[in-house]
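**Student:** Give the three-dimensional model of this entry:
(chains A and B)
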Amino acid sequence: MKIENEGNHLRVSDIAELNAVNASQFRDEVRAAMPQSPESIEIDLSQTRFVDSSGLGALFALYKTANTSRDGVTLRLINPRPPIQQLFELTQLHQLFEISQR
Amino acid sequence: MSEHPIPAERGVSNRVVFKCDLTDARTATRILRTFLAEQGLDESELFNCELCLAEACNNAVQYVADTAAQEPVIAEAICHHTGVELRVTDHTNGFELHERPATLDPQRENGRGLFIIQSLMDEVRYYRGTQRNTLVMRKSRTHQQHRPAHDAAVANLEDARRQLESCQQTISGMASDLCVRSETLAAIFRCCAELGRTSDLEGFGRRLLNDLLHLTAADWFVLRLVPVGDSRLSVFVVSEPSLHTDPLPLHAADATTSAELGAARARREVEFDARRAAARLEPLCQAGPKAVGVVHPLLFNDTLIGTIAIGRREPAPFSALQSEMIRTFTEFMAVQVINARHVEEQMHARIVAHELDIAHRIQRALLPRTLPQLAGFTLAASWESARQVGGDFYDAIMLDDHTLLLVVADVMGKGVPAAMFATIMRSLVHALVGRSRHPAKLLRRLNELLYAELSSVGMFITAQLVVVDLHRRELVAASAGHCPVIVASGDHVRPLRMAGMPLGVLPDVRYREQKVALAAPAGLLLYTDGLTEALNPAGEMFGSERLTAWLRDRFAQSMKAEALRDALVAELNGFCGGEPLRDDQAFMVLAEEAPVVAMRGRTNTATTGDFHPADVTACSRNFIFPLDPALGIQS
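**Tutor:** A predicted model of the protein is given here:
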């Protein structure tokens, strides 16, 4: 996993899986890297081949953290693979996250 | 089998047994994904299967029962040409599998995993056992080009043989599953047919549980019920006499000695293992030194009806399917017990109503149809019953042409027994008056005759007997714990208070008599306590003082007994202000007619007090008041 922090732009990429084993660690690391007043938070899911409900839980937790930060930014998810995109839709989480394909 | 070899594409399975740990769970799902990929599932199918397996395996690990953390979790994928079946066997306390909600609140974290499984799979079933449950997930395959990616591998003969064996195992498992299920259905149909006929609950329970023994390969059962109004679990049906043990008090201080009590108290299933039980105290240990089993509480809504314990002699736990059957049959039995109890209650209510009806008719028949009428006097009575059956009755018996016995009694108790005693009492009075006309002697004899029967059922009778001699113008009264007769003699109206033990309390009782002279106009009121204890809406009693005062006014007006009775009934109704009658009310009123000629003599008698027998005989049958010669007025 790679975490880049330029200015107040946080970008997380190179995530292989978000599962019950690594979800809380992922959540804690991203939270720790989150700037005081983030301008944008992007999580690149293009390399992610598996997400389970624990992974969804971690993303949801980050969404809440970002949303309640000083300026209230939203969580942007980049290029999730089709089955994962479908999973967001199934669990209605796509209503909360900003999902973009680039 | 050799003639019809099973084609390889009928199904293959892979089974991973892993330690109860999230990392191992992840590895297991990856292995099964690889296996399914080899069976030619596409990316989307693979993702969904992997996800559902991961959710199920994670749940199995995260919610494992404290005592089962060492038990391995089993994940299995079975691939048929028409679909995929995924099975995960956990050692949790299990959960309730509800219908999938239509949508999921994205904010809600709980239940997301199960929601995902139910959304992605075509069919999800959860078979609950005792700390061993199996989640079965099925998904049919839309495009069925069964394209074993490992064609080359099949060439390996050893592999092919293994696959064949695995197939055979799967199929024989499915066949026996199917067989048990059809038998279960048949047993349930049989029992359904019996549901309407609830008269023989014991027979029903025996048949149902014997079916269950057969279906679950169990050896013994104990059905206990909590009888209505009891707080103990009493054996109702058992598979063998040795299991017929004493009732278990539900409020016993220590429930750990009995799995049945434990299940009843906790309202959930409890496992039983004779090897771990406190053998001397655990009733189920009668099933054998190594017996194991489960106990389910029988519940209806939140009410505990009983328990079903079922098990084996040898320590072999029930499978998830068998446990599911036991649970189903338990629910079935609970419904049937409740049905039977409802029917019984209805029957009982009908019998009680019928009994009350009989008692009411007996009671009515006891009361004299017509009251004796005497020249110069009027006699009237009223009887009202608060319940369907009252214990009150009254009677008026002519002893000769100028002597009248008045009886008012109240049998303490209700229903047929009270009516029976009232009947006996009335007959005895009629039989005894031939021998004695002394109220005290009559009461003593009545007590002697009734004591044994009354005391044996804890009932008693209060009674007031009054003999009125119209020639001598006097009354003789005795009371067996009854409310006082109110006597009007000239201007004086007062209750005649007398002590006396009710009938049926002590075996030998002597009663006292009181003799009162009756100046004109004379009047009497005999009543039962329902009269003075009548309540108004403010909760006040009518009371004997109010009654006496009321009578003082009315007797002074020389009303006839019927008019007086009607006025008193109206007064009581007015007092109660529409409140329903709380107790029975019976009373009898005797009133002397006051001819105009006699009016002047009234004050006279009141002052002179007693009559002289000579005066009485001198007076006519019309009871015109005997005039005192001292007044200088001759009759």
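
**Student:** Look at B:P7 and report its pLDDT.
**Tutor:** Predicted confidence (pLDDT) at B:P7: the value is 41.

**Student:** Below-threshold pLDDT in chain A: ranges please.
**Tutor:** The model of chain A has no residue with pLDDT under 70.

**Student:** Return the residues in contact with the residue of the stretch 401-550 of chain B at minimum distance from chain A.
**Tutor:** As assessed by Cβ to the nearest Cβ, chain A sits closest to B:P537 within the stretch 401-550 of chain B, at 62.2 Å. Where you see a C-beta, it was placed from the backbone N, CA and C, and this is true even at glycine. Counting by Cβ atoms under 8 Å, 6 or more residues apart in numbering or on different chains, B:P537 makes contact with B:C576, B:G577, B:G578, B:E579.

**Student:** Kindly report the same for B:R361.
**Tutor:** No contacts exist for B:R361 under Cβ under 8 Å, 6+ apart.

**Student:** same question, the one 5 residues further on
**Tutor:** With contact set as Cβ under 8 Å, 6+ apart, B:L366 has these partners: B:F393, B:D395, B:A419, B:A422, B:T423, B:R426.

**Student:** Export the residues you listed as JSON lines, with columns for distance to B:D122 and pLDDT.
**Tutor:** Listed next are those as JSON lines, based on distance: Cβ to Cβ, whole Å; pLDDT from 0 to 100:
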{"residue": "B:F393", "distance to B:D122": "78", "pLDDT": "86"}
{"residue": "B:D395", "distance to B:D122": "84", "pLDDT": "93"}
{"residue": "B:A419", "distance to B:D122": "70", "pLDDT": "80"}
{"residue": "B:A422", "distance to B:D122": "75", "pLDDT": "85"}
{"residue": "B:T423", "distance to B:D122": "76", "pLDDT": "84"}
{"residue": "B:R426", "distance to B:D122": "81", "pLDDT": "88"}
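
**Student:** From these, which land in strands?
**Tutor:** Residues of these located in strands (DSSP state E): B:F393, B:D395.

**Student:** before we move on, the earlier item: tell me the SS of the residue of the stretch 401-550 of chain B closest to chain A?
**Tutor:** Put simply, B:P537 is coil when judged by DSSP: H, G, I helix; E, B strand; the rest coil.

**Student:** By residue count, what's the longest helix in chain A?
**Tutor:** If you go by DSSP state H, chain A has its longest helix at helix A:53-67.

**Student:** Please list the outside residues in contact with the following helix or strand past that one.
**Tutor:** The helix or strand immediately downstream of helix A:53-67 is strand A:75-78, counting by DSSP states H and E. Under the criterion Cβ under 8 Å, 6+ apart, residues A:40-46, A:59, A:62-63, A:66-67, A:88, A:96-102 lie in contact with strand A:75-78.

**Student:** Can you redo the contacts of B:L366 as a markdown table, where the extra columns are neighbour count?
**Tutor:** Output for the contacts of B:L366, formatted as a markdown table (neighbours: other Cβ atoms under 10 Å in any protein chain shown):
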| residue | neighbour count |
| --- | --- |
| B:F393 | 28 |
| B:D395 | 20 |
| B:A419 | 27 |
| B:A422 | 25 |
| B:T423 | 16 |
| B:R426 | 20 |
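
**Student:** any idea which of the contacts of B:L366 is the one closest to B:D24?
**Tutor:** B:A419 (79.7 Å; Cβ to Cβ).

**Student:** Can you give me the separation between the closest one and B:A365?
**Tutor:** Going from B:A419 to B:A365 by Cβ to Cβ, to the nearest Å gives 9 Å.

**Student:** Residue ranges in the stretch 1-150 of chain B under the pLDDT threshold?
**Tutor:** B:1-10, B:142-150.

**Student:** Up against chain A, what does chain B have?
**Tutor:** By Cβ under 8 Å from any Cβ of the partner chain, the part of chain B that sits against chain A consists of B:22-23, B:25-26, B:43-44, B:47-48, B:50-51, B:54-55, B:58, B:61-62, B:103-107, B:109, B:112-113, B:115-116, B:119-120.

**Student:** Show me which of those residues are buried.
**Tutor:** Taking 16 or more other Cβ atoms under 10 Å in any protein chain shown as the criterion, what is buried in the residues of chain B next to chain A is B:22, B:25-26, B:47-48, B:50-51, B:54-55, B:58, B:61, B:104, B:106, B:112-113, B:115-116, B:119-120.

**Student:** Report the buried residues of the longest helix of chain A.
**Tutor:** By 16+ other Cβ under 10 Å, the buried positions in helix A:53-67 come out as A:53-63, A:65-66.

**Student:** which other helices and strands contact that helix?
**Tutor:** strand A:17-18, helix A:23-33, strand A:40-44, strand A:75-78, helix B:43-62, helix B:112-120 (3 or more Cβ pairs under 8 Å, 6 or more residues apart in numbering or on different chains; DSSP states H and E).

**Student:** closest to B:G311 out of these?
**Tutor:** Taking those one by one with Cβ to Cβ, helix B:43-62 is closest: 25.7 Å.

**Student:** Pretty sure B:I362 sits against B:M420.
**Tutor:** Yes - with contacts counted by Cβ atoms under 8 Å, B:I362 reaches B:M420, the gap being 7.3 Å.

**Student:** Most neighbours among the contacts of B:P537, which one?
**Tutor:** Counting neighbours by other Cβ atoms under 10 Å in any protein chain shown, B:C576 leads the contacts of B:P537 with 16 neighbours.

**Student:** who touches it in this structure?
**Tutor:** B:A534, B:L535, B:N536, B:P537.

**Student:** Turn those residues into CSV, columns for pLDDT and distance to B:L379.
**Tutor:** Below are those laid out as CSV (pLDDT from 0 to 100; distance: Cβ to Cβ, whole Å):
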residue, pLDDT, distance to B:L379
B:A534, 86, 23
B:L535, 84, 28
B:N536, 85, 29
B:P537, 84, 33
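
**Student:** Need the pLDDT of the closest residue to chain A within the stretch 251-400 of chain B.
**Tutor:** Of all residues in the stretch 251-400 of chain B, B:A320 sits closest to chain A, at 23.8 Å by Cβ to the nearest Cβ. At B:A320, the model reports a pLDDT of 79.

**Student:** and what of B:T608?
**Tutor:** Per-residue pLDDT puts B:T608 at 35.

**Student:** Look up the closest residue to A:I43, ignoring the ones flanking it.
**Tutor:** A:V12 (4.7 Å; Cβ to Cβ, 6 or more residues apart in numbering or on different chains).

**Student:** beta partners of that neighbour?
**Tutor:** A:I3, A:I43 (DSSP bridges).

**Student:** Can you report how many residues lie near it?
**Tutor:** 21.

**Student:** Neighbour-wise, give me the winner out of the contacts of B:C576.
**Tutor:** Neighbour counts for these peak at B:A534, which has 24 neighbours (criterion: other Cβ under 10 Å).

**Student:** give the contact list for the closest residue in space to that residue that isn't next to it in sequence.
**Tutor:** For B:A534, ignoring the flanking residues on the chain, the nearest one in space by Cβ to Cβ, 6+ apart is B:F542 at 4.4 Å. Counting by Cβ under 8 Å, 6+ apart, B:F542 touches B:L531, B:T532, B:E533, B:A534, B:L535, B:N536, B:L572, B:F575.

**Student:** So which of these are in helices?
**Tutor:** Per DSSP H, the contacts of B:F542 map to helices at B:L531, B:T532, B:L572, B:F575.

**Student:** interface residues of chain A facing chain B?
**Tutor:** Counting by Cβ under 8 Å from any Cβ, chain A sits next to chain B at A:19-21, A:50, A:52-54, A:56-57, A:60, A:82-84, A:87, A:90-93, A:95-96.

**Student:** Could you rerun that using 7 Å?
**Tutor:** A:19-21, A:50, A:52-54, A:56-57, A:83, A:90-93, A:95-96 (Cβ under 7 Å from any Cβ of the partner chain).
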